[in-house]
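>>> Test case, fold it:
(one chain, ligands or ions: 1)
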Amino acid sequence: MKNKVLVSACLLAQPVRYDGAAKTFHHPILEQWMAEGRLVAVCPERMAGMGIPREPAEISDGATGEDVLAGRARVFTAVGEDVTDAFVAGAKAALAAALANGCRCALLTDGSPSCGSRSIYDGSFAGRRHVGSGVTAALLRRHGIDVFSPEQIEELREILTA
Ligand code: SF4
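Okay, here's the model as predicted:
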C-alpha cells in the first residue's frame with residue numbers, strides 16, 4: 001500500500017468553506033493520487049460540527065496555530081464569537097484521521113486558520129496575512145506529520161517517492 005496523504009477537502013472540490021465554496025486545486029499529481037486511492041479528505045471545521053455557511057474566523061492578534069494549542073491565543077469569528085474550542089476539536093479530528101490512515105504527510109489549503117501551513121490571516125479581518133500555521137497544521141506537525149501547501153505539491157511528491 002502506498003503512503004496516503006491527508007488533504008483539505010476543499011482542495012478536492014468539496015464545497016465546505018465558510019462561504020459554501022470549494023477551493024478546487026487542479027493538478028495532475030493530485031489527480032493521480034486520487035485515482036490511486038491515496039487521498040484522505042478532511043475538513044477540520046466540518047468535523048468539529050461547524051456549519052455551512054459559517055462566519056469567517058481568524059486567529060487573534062497576529063498569533064498562530066501553535067499559540068492557540070499552547071493556550072496563548074484564541075480564534076474568533078468576524079462577529080466576535082470565540083470558536084477556539086471548535087478549532088481545536090477539528091484539529092484533533094483531522095489528526096485522528098491522519099493517524100488512522102497512516103498519513104505521514106498532509107496537503108492543506110494555505111491561509112486558513114485551520115489548514116494554513118505557510119501563512120494565515122492576522123486576526124484583523126482586513127485581509128492581511130503573516131507567516132504562520134493554522135491550528136490543524138500546527139497539531140499535525142506536533143505529531144510528526146509534514147504539512148505542505150498546494151504550491152509545494154511537487155516537493156511533497158519527491159518526499160513520498162524517496
Ligand atoms: Fe478547507 Fe480546511 Fe477550511 Fe475545511 S477547514 S474549508 S478543509 S481550509
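>>> which bits of this protein sit near the ligand?
8-10, 16-17, 43-45, 109, 112, 114-115 (Cβ under 6 Å from any ligand atom). Where you see a C-beta, it was placed from the backbone N, CA and C, and this is true even at glycine.
>>> let's see it at 8 Å
Counting by Cβ under 8 Å from any ligand atom, the positions of the chain adjacent to the ligand are 8-11, 14, 16-18, 23, 42-46, 90, 108-109, 111-116, 134, 136.
>>> center of the protein, which residue is that?
Nearest to the geometric centre of the chain sits residue 115, at 1.7 Å (Cα atoms, centre = their mean).
>>> Looking at the closest residue to it other than its chain neighbours now. What's its pLDDT?
Spatial nearest neighbour of residue 115, excluding adjacent residues (Cβ to Cβ, 6 or more residues apart in numbering): residue 108 at 3.8 Å. pLDDT recorded at residue 108 is 99.
>>> I'd say residue 108 and residue 137 touch.
Yes. Here residue 108 reaches residue 137: they are 5.8 Å apart, a contact under Cβ atoms under 8 Å.
>>> Looking at these two, which one has more neighbours?
Taking other Cβ atoms under 10 Å, residue 108 and residue 137 do not tie; residue 137 has more neighbours (33 against 28).
>>> How much space separates the more buried one from residue 101?
17 Å (Cβ to Cβ, to the nearest Å).
>>> quick one: residue 39 and residue 3 touch, right?
No. Assessed by Cβ under 8 Å, residue 39 is found out of contact with residue 3, at 11.1 Å.
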